[in-house]
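Peer 1: Would you be able to build a 3D model of this:
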Amino acid sequence: NNGPNSEVRIGHSLNEDESQHVAKRRATVPQCLQEHNISCSDEVPNIAVLGSGGGERAMIGLLGSLSQLSEEKLLDCIMYLCGVSGSTWCMASVYKEPDWSNQMETVKQNIIKRLDQGKVTYYEQYKKLKKMCEKDNFSVTDIWASFIVSNAVKEIDEHVLTEQRGQHNNNPYPIYTVIDKKSKYDTLYSWFEITPHECGYSLTGAFVDTKCLGSRFVKGAKTEEHPESDMLYLQVNVIAKCMKKVYEWDWGTHYNFLYKMTVDEVHPSILKSKTRQYEDAGLLVNSPYFSVLRKERNVDLIISLDFSEGDPFETVDKAAQMCKDLQIPFPTVEHPGNIKEPEDFYVFKDNPNAPVVIHMPLFNAVNCKGEVKKWGKKYKTVYLVYREEMISDLLEKAGLNIKNTKEKLLKEIEEVIQRKKN
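Peer 2: Numbering: from 1, shown residues only. Predicted coordinates for the structure are as follows:
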């Protein structure tokens with residue numbers, strides 16, 4: 001039986017705070033689209049931007065994309081911004097600034113300056129590690145947070161996600177995505193989302209207040225309060241697809257808020273476990289599709305910005321296959337042509353019950369002009385520190401993808417509005 005003081009929410013509905021944020025955001029979308037001579041009243045399109053993993057390449061790629069969306073006056077029509085792995089490094093950076101989308105250029109320049117000139121000393125790293133060692137669920141994640149991620153993002157960010165509540169009314173709603181390591185190959189239970197208000201299993205419908213992530217629970221009741229994990233730690237939960245050899249280690253250990261509960265919708269093995277380990281979602285699918293495919297979010301259009309290494313269609317292919325297995329509506333994914341020199345814009349939209357999916361590979365035949373392989377070699381996932389020139393070039397490439405496809409994006413938004421009307 002679940003305890004009488006249960007703080008765990010079992011259900012698929014959105015939490016009230018997210019619903020309110022989305023309702024406020026919905027009022028700004030028509031104003032944004034009106035600037036592009038697109039009218040919508042009751043048929044406001046619900047648009048989500050997905051940022052894939054890819055280490056520093058994904059961080060800078062997403063920053064360049066958001067900056068160009070702002071430049072093209074499209075940022076205000078985005079409802080959700082979701083990331084895995086390296087894209088969450090960018091999200092953590094921009095969401096430190098309240099209402100960042102209104103001052104995108106300043107925020108971008110500050111991040112570039114930090115990445116280029118910032119430095120975290122060994123003393124600061126050891127001091128952080130010493131503090132983390134005092135936790136009773138210390139894991140290798142703490143070591144990586146203190147040394148690897150702090151070195152890549154050039155800061156030790158001790159802010160917590162719940163501090164962002166109420167600060168981002170004029171921004172897209174942020175969703176950070178990880179996976180439950182022990183459930184990795186049982187897709188229904190693997191996807192775990194973290195927002196400023198609530199975190200939990202996206203597809204199963206089991207959630208808890210984000211400030212409680214890390215506290216001990218028994219039968220849904222909090223039995224021991226622990227401090228909320230800081231942003232440095234959360235960023236490391238979503239790192240290191242390139243480090244497959246060490247995922248046998250303990251990563252991202254948290255107390256299980258579902259421990260000893262009775263929940264028909266959740267696999268018994270999860271309910272019996274005192275702790276769970278959350279790790280890089282890139283080890284399963286390198287893009288956060290499943291958080292926005294929750295039908296309660298009513299997403300009409302997904303803009304997938306893909307900063308992955310290797311096969312430029314792997315993320316969307318995997319998402320399509322998993323949706324088929326789980327009977328989640330998703331469009332048919334077909335991409336004829338040269339996989340080594342992909343286009344910059346693909347649209348998948350044959351399923352009227354599924355969101356329209358736009359897929360945009362970072363390096364492509366349009367912005368790289370026959371040099372996709374060369375750019376891919378220059379920006380490997382394992383490179384975690386970029387020089388000023390590399391940062392500048394990568395920002396430009398990511399920005400070009402938005403600039404070059406602006407009219408196509410607007411056309412798809414118009415079609416989504418028409419589809420909602422019908």
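
Peer 1: Buried ones in the host helix or strand of Leu66, by neighbour count?
Peer 2: For Leu66, the host element (DSSP states H and E) is helix 55-71. Buried residues in helix 55-71, counting neighbours by 16 or more other CB atoms under 10 Å, are found at 55-70. In short, each C-beta sits where N, CA and C put it, glycine included.

Peer 1: do stretch 290-309 as well
Peer 2: 290-294, 297, 299-309.

Peer 1: what about that stretch, distance to the chain center?
Peer 2: On the basis of CA atoms, centre = their mean, to the nearest Å, stretch 290-309 sits 9 Å off its chain's mean C-alpha point.

Peer 1: What average pLDDT does that stretch get?
Peer 2: The average pLDDT within stretch 290-309 is 96.

Peer 1: tell me how far the ends of it are from each other?
Peer 2: One end of stretch 290-309 sits 20 Å from the other (CA to CA, to the nearest Å).

Peer 1: measure the residue lying closest to Pro196 once chain neighbours are set aside to Lys272 for me?
Peer 2: In this structure, Pro196 finds its nearest non-sequential neighbour in Gln164, 4.4 Å apart by CB to CB, 6 or more residues apart in numbering. Per CB to CB, to the nearest Å, Gln164 is found 33 Å from Lys272.

Peer 1: hmm, back to that, the residue nearest to Pro196 and Arg26: what is the separation?
Peer 2: 20 Å.

Peer 1: Pretty sure Lys340 sits against Val372.
Peer 2: Yes. Using CB atoms under 8 Å, Lys340 makes contact with Val372 at a distance of 6.5 Å.

Peer 1: Of these two, which one has the most company?
Peer 2: Val372 (20 against 11; other CB atoms under 10 Å).

Peer 1: what stretches of the chain score poorly on pLDDT?
Peer 2: In the prediction, the chain carries residues with pLDDT under 70 at positions 1, 3, 236-246, 248-252, 337.

Peer 1: Name every strand pairing with the longest strand seen in it and say which way it goes.
Peer 2: When the chain is parsed with DSSP state E, its longest strand is strand 173-180. Applying DSSP bridges to the sheet, strand 173-180 is found paired with strand 80-83 (parallel), strand 191-194 (antiparallel), strand 275-280 (antiparallel).

Peer 1: Give me the residue at the spatial middle of the chain.
Peer 2: When CA atoms, centre = their mean is applied to the chain, the residue found nearest the centroid is Gly83 (1.3 Å).

Peer 1: tell me the contacts of that residue?
Peer 2: Residues counted as contacts of Gly83 (CB atoms under 8 Å, 6 or more residues apart in numbering) are Leu50, Gly51, Leu62, Cys90, Met91, Pro174, Ile175, Tyr176, Thr177, Val238, Pro288.

Peer 1: What are the contacting residues of stretch 210-217?
Peer 2: Contact with stretch 210-217 is made by 7-8, 137, 160-162, 194-199, 208, 222-229, 254-259, as judged by CB under 8 Å, 6+ apart.

Peer 1: same deal with stretch 325-336?
Peer 2: Contacts for stretch 325-336 (CB under 8 Å, 6+ apart): 187-188, 203, 293, 313, 316-317, 319-320, 322-324, 342, 346, 348-351, 353-357, 359.

Peer 1: for stretch 304-313, same thing?
Peer 2: 49-54, 57-58, 61-62, 65, 86-87, 286-287, 289, 314-317, 333, 335, 339, 342, 357-364, 376, 380-381, 398, 401.

Peer 1: Repeat that for stretch 405-422.
Peer 2: Contacts for stretch 405-422 (CB under 8 Å, 6+ apart): 33, 36, 38, 40, 43, 45, 47, 72, 74, 77, 300-301, 303, 344-345, 347, 349, 352, 356, 358, 360, 402.

Peer 1: Quick check: Ala320 vs Leu284, distance?
Peer 2: Distance, Ala320 to Leu284, using CB to CB: 14 Å.

Peer 1: that older thread, just tell me which of the strands paired with strand 173-180 ends up closest to His168.
Peer 2: strand 80-83 (9.9 Å; CB to CB).

Peer 1: Now find how far off-centre the helix or strand just after the closest one is within its chain.
Peer 2: On the C-terminal side of strand 80-83, the nearest following helix or strand under DSSP H and E is helix 86-94. Taking CA atoms, centre = their mean, the mean C-alpha location of helix 86-94 is offset from the chain mean by 8 Å.

Peer 1: Contacts for helix 86-94, please.
Peer 2: Contacts of helix 86-94 (CB under 8 Å, 6+ apart): 51-63, 66, 81, 83, 100, 107, 111, 114, 149, 152-153, 157, 174, 176-177, 231, 234-235, 238-239, 305, 307, 381.

Peer 1: Please name the nearest non-neighbouring residue to Arg25.
Peer 2: Met79 (5.6 Å).

Peer 1: from what I can see the one you found touches Ala48, true?
Peer 2: Yes. In terms of CB under 8 Å, Met79 counts as a neighbour of Ala48; the distance is 6.2 Å.

Peer 1: what residues do the two have in common as contacts?
Peer 2: Val299.

Peer 1: what sits against Phe348?
Peer 2: Val316, Ala320, Pro331, Thr332, Val333, Glu334, Val356, Val357, His359.

Peer 1: Check the secondary structure at the last one for me.
Peer 2: Okay, so that is His359. Secondary structure state of His359, per DSSP: H, G, I helix; E, B strand; the rest coil, is strand.

Peer 1: Now for the residue lying closest to it once chain neighbours are set aside: which residues touch it?
Peer 2: Taking CB to CB, 6+ apart, and ignoring the residues beside it in sequence, His359 has Tyr346 as its nearest neighbour in space, at 4.3 Å. Listed by CB under 8 Å, 6+ apart, the contact set of Tyr346 reads Val316, His335, Ile358, His359, Met360.
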